[in-house]
Structure formats: C-alpha cells, structure tokens
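**Q** got a structure for you, letters missing:
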C-alpha cells in the first residue's frame, strides 16, 4: 500500500515538474520524442527545444494504453488540449482540497499552460493517463 502511494507521489512530482518547466508565454510547436527505455511501465516524453520532460511511472499504464486507449490520431490535438485543460483544472481543485479528496492520489498541482503547444503525443498521453487514473482508482474528474 505504501509503495502505491509513493508511486502516485512520484508521478505527480514528475508531471508537475515537467509541465512547469515549459512555461513560455508564446505558442510554439513542440517536437517530442518518446522512449520506453526506462522500463515496461514507464513512458518518457522529452522535448529538448522547450526543455520539458514528462515521465509517467504507474504500473499498468503502458499495458492499459496499448490495450484500451483509442489509437493515435483518433482525437484531434485541439480536442485533447481542451480536455486536458479541464482535467488538469479538476485535478488541481482536488489538490487544493486535501480534506475532501485523497491527498495520496492528488499530491501536487499540475502546471498546464494552454498557451504552449505541447504537441500531440504529450496531450495524447496526458489525456489517456487521466482516463486510466479515473478507471483504476474509481475517480471521476469529468
């Protein structure tokens, strides 16, 4: 049980750090590369130009992504950006209410700047992580 909470805290820290690093106010197109070199349940997305990195460490996410997520290209990037803005807002509201929501699940804020074009892959993986998180932990962000 403690390992599970540690994994969520690690994931939250990584997501927040990665998105906070890309805080430029102008809209730029992000070029990302994805690797699964860390492990089978770890997804790493690096954007060297914008200087951000997202690492999703959650056992089962990669397997869920392959078996359950809609294929890349199913959603438009604009659709994913709109959904992610809403989901990040809901996430951050829960972070700010630790007495109402499980602080072990919602440990840290996610800084998602709508003025930055994170690219399709980042938005796709973030959106699917939210879907996975909701299903796995019986949470309703939407």
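**A** The structure has been received and is ready for your questions. On a predicted model such as this, the values are computed, not experimentally measured, just so you know.

**Q** distance of residue 117 from residue 129?
**A** Between residue 117 and residue 129 the computed distance is 19 Å (CB to CB, to the nearest Å). No exception for glycine: its C-beta is placed from N, CA and C like everyone else's.

**Q** of these two, who's got more company?
**A** Taking neighbours as other CB atoms under 10 Å, residue 117 and residue 129 compare with residue 129 leading, 22 against 18.

**Q** using the three-state scheme, assign that one.
**A** helix (DSSP: H, G, I helix; E, B strand; the rest coil).

**Q** pairing partners for the closest residue in space to it that isn't next to it in sequence in the sheet, please.
**A** The shortest distance from residue 129 to any non-neighbouring residue, by CB to CB, 6 or more residues apart in numbering, is to residue 56 (5.7 Å). The partner list for residue 56 in beta bridges (DSSP bridges) reads residue 43.
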